[in-house]
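> next come a sequence and a model predicted from it.
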Amino acid sequence: MTALAPDVERFLDYLRVEKRYASGTIVNYARELATLRAHAEALGLSHWRELHAEQLRTLVAREHRRGRESGSLHHLLSACRSFFRWLLREGIVAKDPALDVRAPKLKRKLPQVLDVDEASALVEIPVDTPGAVQDRAMLELFYSSGLRLAELTGLAWRDLDLAEGTVRVLGKGAKTRIVPVGGKAREALAALCEQDSPQPEDPVFRGRNGAPMAPATVRRRIKQWAQSQGVWKRVYPHLLRHSFASHMLESSGDLRAVQELLGHADISTTQIYTHLDFQHLARVYDAAHPRAKRRAK
């Protein structure tokens with residue numbers, strides 16, 4: 001282990017124990033900081049206080065030349081900034097070399113969404129087997145409440161109140177929120193509860209040996225059902241969350257409410273759905289307004 005490694009390990013333990021970050025997030029931080037550490041070691045540095053902003057800019061430029069996209073470089077710098085903020089608080093460094101380092105401008109991509117008919121076609125699967133009963137409840141809840149994949153697989157029956165129509169969700173940063181559950185989802189979950197006769201601590205969506213369903217299994221089943229139901233877009237768990245948010249905002253126009261439902265810490269994250277809503281309005285305008293149509297040549 002090099003002289004730089006112990007600080008990285010302590011930081012990852014801090015994220016794991018004190019911040020309670022998800023294991024996947026810890027893996028991502030570890031990967032980005034391994035890139036940073038390798039760069040510092042190649043420069044012959046033996047302490048993090050020896051790293052300067054220009055050397056960090058060199059790392060970003062090198063990774064960019066190697067083909068890393070802007071979004072990936074932003075993740076690298078975000079990990080570096082979090083790490084150096086922690087080093088500052090611990091008194092290990094006197095200044096943050098990442099503070100003024102910028103990645104190439106990020107091209108913001110709008111998420112794809114299902115339209116209302118596609119979403120309905122996807123969730124309304126035939127419930128003719130025990131597995132289909134569970135999958136119907138899973139799809140309905142995803143679309144009804146806009147859950148993240150990790151939030152859904154982490155649910156236990158004690159988190160659901162079907163009489164009140166709510167679910168208690170443990171989101172990012174171990175923050176809890178209460179989200180409404182729609183009527184169709186409540187019916188599907190009630191059918192699943194009747195089928196499985198679970199205990200309160202049992203996972204809602206079970207895989208092998210009664211353990212929570214694995215995320216990879218959820219992704220596979222959603223993809224299979226999309227093809228079976230004739231939804232030919234690339235369908236994945238977060239697409240249902242995007243669709244939930246877009247449809248809620250289109251119907252209500254209440255950005256703050258959608259932010260609360262999604263569990264976004266910053267409303268700027270939610271604002272991407274206003275762009276989706278505007279795109280929909282623009283398409284309607286172009287199709288309907290007599291002065292918007294281009295004349296045929």
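Here it is on my side, so go on.
> quick one, phi psi at V167?
phi -140, psi 140 (degrees, to the nearest 10).
> same check, this time on V101
phi -90, psi 130.
> burial measure for it, as a count.
Per other CB atoms under 10 Å, the neighbour tally for V101 reads 18. Where C-beta positions appear, they are placed from N, C-alpha and C, glycine not excepted.
> which residues touch the nearest residue to it once chain neighbours are set aside?
Using CB to CB, 6 or more residues apart in numbering and skipping the chain neighbours, the partner closest in space to V101 is L56 (4.9 Å). By CB atoms under 8 Å, 6 or more residues apart in numbering, the contact list for L56 reads L36, C80, P97, A98, V101.
> can you redo those as TSV with secondary structure and distance to R65?
Below are the contacts of L56 laid out as TSV (DSSP: H, G, I helix; E, B strand; the rest coil; distance: CB to CB, whole Å):
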residue	secondary structure	distance to R65
L36	helix	17
C80	helix	18
P97	coil	20
A98	coil	19
V101	coil	16
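> what subset of those residues is buried?
L36, C80, P97, A98, V101 (16 or more other CB atoms under 10 Å).
> between these, which is nearest R177?
C80 (29.7 Å; CB to CB).
> quick one, strands of the stretch 151-297 of the chain?
Secondary structure of the stretch 151-297 of the chain (DSSP state E, counting those that start in this stretch): strands at 160-161, 166-170, 176-180.
> who does the second one pair up with?
Note on strand 166-170: by DSSP bridges, its sheet partners are strand 160-161 (antiparallel), strand 176-180 (antiparallel).
> tell me which two of the contacts of L56 sit farthest apart.
Taking CB to CB, no two of the contacts of L56 sit farther apart than L36 and V101, at 11.4 Å.
> what's the overlap in contacts for these two?
Residues touching both L36 and V101 by CB under 8 Å, 6+ apart: L56, C80.
> coming back round to it: mind listing what's buried along the helix or strand hosting the residue nearest to V101?
Assigned by DSSP states H and E, L56 falls within helix 53-65. Of all the residues in helix 53-65, those buried under the rule 16+ other CB under 10 Å are L56, R57, L59, V60, E63.
> cool, and stretch 214-223?
V218, R221, I222.
> out of those, which sit inside helices?
With helices defined by DSSP state H, the entries of the buried residues of stretch 214-223 inside them are V218, R221, I222.
> D7: which of the residues you listed is nearest?
V218 (36.2 Å).
> so what's the closest one up against?
With CB under 8 Å, 6+ apart, V218 has these contacts: M138, L149, L152, T153, F205, P237.
> go again with 7 Å.
V218 makes contacts with M138, L149, T153, P237, as judged by CB atoms under 7 Å, 6 or more residues apart in numbering.
> out of these, which one sits closest to P200?
Looking across the contacts of V218 and measuring by CB to CB, the closest to P200 is T153, at 17.3 Å.
> quick one, what contacts E32?
If you count contacts by CB under 7 Å, 6+ apart, E32 has them with H75, L76, A79.
> follow-up on the earlier one: would CSV of the buried ones among the contacts of L56 with distance to T129 and pLDDT be doable?
Listed next are the buried ones among the contacts of L56 as CSV, based on distance: CB to CB, whole Å; pLDDT from 0 to 100:
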residue, distance to T129, pLDDT
L36, 49, 94
C80, 49, 93
P97, 57, 89
A98, 52, 85
V101, 54, 83
